[in-house]
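Trainee: One predicted model, sequence on top.
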Amino acid sequence: MTADGKVAVAVFVTGGGTNLQAIIDAAASGKITSAEISLVLSSRGDAYALERAKKAGIPTAVCERSSFDSQSAFEAAILGEVEAHGIDMIVLAGFMSILSRDFTSRFPERILNVHPSLIPRHSGKGYYGLRVHESVLASGDKVTGATVHFVNEIPDGGRIISQKEVAVLPGDTPETLQKRVMREAEWILLPEAVETVAREIAGGNKR
């Protein structure tokens with residue numbers, strides 16, 4: 001917990017950080033009151049998400065998988081950063097590395113992820129980024145959306161927290177669909193889930 005009693009959150013990123021920005025903006029506007037982003041950790045040193053964090057005055061760290069000889073060493077470095085910053089909850093916001101059971105089991109129902117489809121459709125191993133939207137369009141689905149769920153060792157396999165539907169429109173490309181799902185679902189659902197889960201964690205710590 002932070003000095004003012006908020007749940008300390010680490011956001012794990014790899015790329016541009018638009019979902020990170022949605023959380024930052026929600027906190028700034030008062031939509032998130034139970035949590036504070038205490039760390040942004042990136043698996044790429046050149047991720048623009050790091051710039052977003054620095055502009056918001058949030059501490060950052062970089063752990064690149066290629067810098068470590070093994071998954072366990074990679075995760076040990078991540079865990080070291082998490083512990084150093086007193087983190088209570090982790091949010092995966094476009095984090096492109098799979099975390100093992102050894103790591104996820106340390107934070108039962110305290111790791112959140114946002115996935116750009118209505119799980120269980122178009123989810124699981126290999127479904128990420130534009131691949132998800134390509135799959136949606138190839139299937140002929142008329143509705144897609146986003147899902148926020150807890151993270152365990154199974155890709156997209158943790159308990160679902162919330163979902164929001166988004167229409168698939170005639171003429172959509174994977175790129176246009178991706179942008180609509182972000183705007184109409186991901187950027188709304190993820191900050192809401194952060195507040196909901198953080199409030200539950202804070203309440204549990206007070207009991």
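Mentor: Sure, I can see it. Numbering: from 1, shown residues only.
Trainee: on contacts alone, who are the packing partners of the longest helix seen in the chain?
Mentor: Ranked by residue count, the top helix of the chain under DSSP state H comes out as helix 187-206. Using 3 or more C-beta pairs under 8 Å, 6 or more residues apart in numbering; DSSP states H and E as the contact criterion, the neighbours of helix 187-206 among helices and strands are strand 7-13, helix 18-28, strand 35-42, strand 89-92, strand 111-115, strand 143-150, strand 160-167. (Each C-beta comes from the backbone N, C-alpha and C, glycine too.)
Trainee: buried residues in stretch 46-63?
Mentor: Residues of stretch 46-63 classed as buried by neighbour count (16 or more other C-beta atoms under 10 Å): 47-50, 52-53, 56, 58, 60-63.
Trainee: From the rest of the structure, what touches stretch 177-196?
Mentor: In this structure, residues lying in contact with stretch 177-196 by C-beta atoms under 8 Å, 6 or more residues apart in numbering are 9, 18-19, 22-23, 25-27, 31-35, 89, 91, 93, 112, 114, 116-117, 129-130, 133, 136-137, 144-148, 161-169, 172.
Trainee: Give the bridge partners for the nearest residue to Leu92 once chain neighbours are set aside, please.
Mentor: Here the nearest residue to Leu92 in space, its sequence neighbours aside, is Asn113; by C-beta to C-beta, 6 or more residues apart in numbering that works out to 4.1 Å. As for beta bridges, Asn113 partners with Leu92, His149 under DSSP bridges.
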